[in-house]
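[1] Prediction below, plus the sequence it came from.
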Amino acid sequence: MLEIQVENEGRVRLKGRLDAASAPKAREALRPLKGPMALDMSDLEYISSAGIGVVVETYKRLHGEGGGFRVLNLRPGVRAVFRYAGLEQMFAIE
Amino acid sequence: MERRFQRDLSSLPELSRFVEEFLSRQGLAPSNAYDLDLILEELFTNVLKYSSGTDEVAVRLTRDDSTITIALSEFGAAKAYDITLAPEPDLTRPLAERPVGGLGIHMVRKLADTIRYEYKDRVSTTTITKKVSPNA
């Protein structure tokens, strides 16, 4: 179960689980949004490689459009998955 | 514990509940759930992407002291799909140049202590062992 809340100033809050089942919903919600974007993951309990795919895709699109992209407030389990994916050094994680 | 799941993405929440139930029955810490969920999701979605067996996938979870064994079997598989032979993604390349795919198996390799694959009588089984924290 994934909830996506689009807030002011480009902040997008993800809540729940971003897995292969919820990735299409996340992709659909993020695709129309312009940068700069801050993806707030303080309430994201779980992410898998499918979820990482959505994050990378969003980063690539916004980067290509010249907009900024940041990922905020990762929980330890989610941060570990970013590390396994080799993303810790690739874009701004705060 | 063994359970069968429909080969469909909608089975993922059920897989997660199965892990939760297993940990609780074994008196193991719920904090172990993340790694087990991730291994199972990546193996399961891999089966959905690359194989074409029957409608059900069997998952068996067993415990020997602090080692959990996860076995995922697909029945009626037309050919072998051995994840131990899959190439590693190059994570040193810039994001823009990275090809899509291969990340799920990479994650399984990161988390697993051992990975074994068997294809026999059209049954395709991947078996993973993983050390866990014993205390609930």
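    Cool, the structure landed. Residues are numbered from 1 along each chain as shown, chains lettered A, B, ... in the order given.
[2] how about the helices in chain A?
    A:23-30, A:49-64, A:76-84 (DSSP state H).
[3] highest average neighbour count across the ones you listed?
    Most buried of the helices of chain A, by mean neighbour count (mean count of other Cβ atoms under 10 Å in any protein chain shown): helix A:49-64, with a mean of 20. C-beta: built from backbone N, CA, C; applies to glycine.
[4] Now do the same for residue B:92: its pLDDT.
    Per-residue pLDDT puts residue B:92 at 78.
[5] In chain A, what residue comes closest to chain B?
    residue A:86 (3.0 Å; Cβ to the nearest Cβ).
[6] Could you find the closest non-adjacent residue to that residue?
    residue B:91 (3.0 Å; Cβ to Cβ, 6 or more residues apart in numbering or on different chains).
[7] mind listing what that neighbour touches?
    By Cβ atoms under 8 Å, 6 or more residues apart in numbering or on different chains, the contact list for residue B:91 reads A:85-86, B:98, B:106.
[8] Could you do residue A:74 as well?
    Contacts of residue A:74 (Cβ under 8 Å, 6+ apart): A:41, A:44, A:82, A:93.
[9] for residue B:106, same thing?
    Counted by Cβ under 8 Å, 6+ apart, residue B:106 has contacts A:49, A:84-85, B:88-89, B:91.
[10] which intervals of chain B have sub-threshold pLDDT?
    B:99-100, B:135-136 (pLDDT under 70).
[11] Counting by contacts, list what the top strand by length along chain A packs against.
    In chain A, assigned by DSSP state E, the strand with the most residues is strand A:37-47. Applying 3 or more Cβ pairs under 8 Å, 6 or more residues apart in numbering or on different chains; DSSP states H and E, we find strand A:37-47 packed against strand A:11-18, helix A:49-64, strand A:69-72, helix A:76-84, helix B:33-50.
[12] Need the CA coordinates for it. CSV is fine.
    The C-alpha trace of strand A:37-47 is given here as CSV (Å, rounded to 0.1, in the frame of the first residue of the first chain):
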residue,chain,number,x,y,z
MET,A,37,11.5,18.0,-6.6
ALA,A,38,12.2,16.8,-3.0
LEU,A,39,11.1,13.2,-2.5
ASP,A,40,10.4,12.9,1.3
MET,A,41,10.7,9.3,2.4
SER,A,42,10.3,9.7,6.2
ASP,A,43,7.1,7.6,6.1
LEU,A,44,8.3,5.1,3.4
GLU,A,45,8.7,1.8,5.2
TYR,A,46,10.0,-0.3,2.2
ILE,A,47,11.4,0.1,-1.2
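[13] Next one: the residue positioned nearest the centre of chain A from residue A:87, what distance?
    Nearest to the geometric centre of chain A sits residue A:55, at 4.2 Å (Cα atoms, centre = their mean). Going from residue A:55 to residue A:87 by Cβ to Cβ, to the nearest Å gives 8 Å.
[14] cool, and residue B:131?
    Distance from residue B:131 to residue A:87, by Cβ to Cβ: 25 Å.
[15] Settle it for me: which of the two has more neighbours?
    residue A:87 (20 against 13; other Cβ atoms under 10 Å in any protein chain shown).
[16] and that one, what does it touch?
    Applying Cβ under 8 Å, 6+ apart, the residues near residue A:87 are A:52, A:55-56, A:93, B:95.
[17] now do residue A:81
    A:47-49, A:51-52, B:38, B:107.
[18] ok, now with 7 Å
    Residue A:81 is in contact with A:47, A:52, B:107, counting by Cβ atoms under 7 Å, 6 or more residues apart in numbering or on different chains.
[19] Great, nothing more from me.
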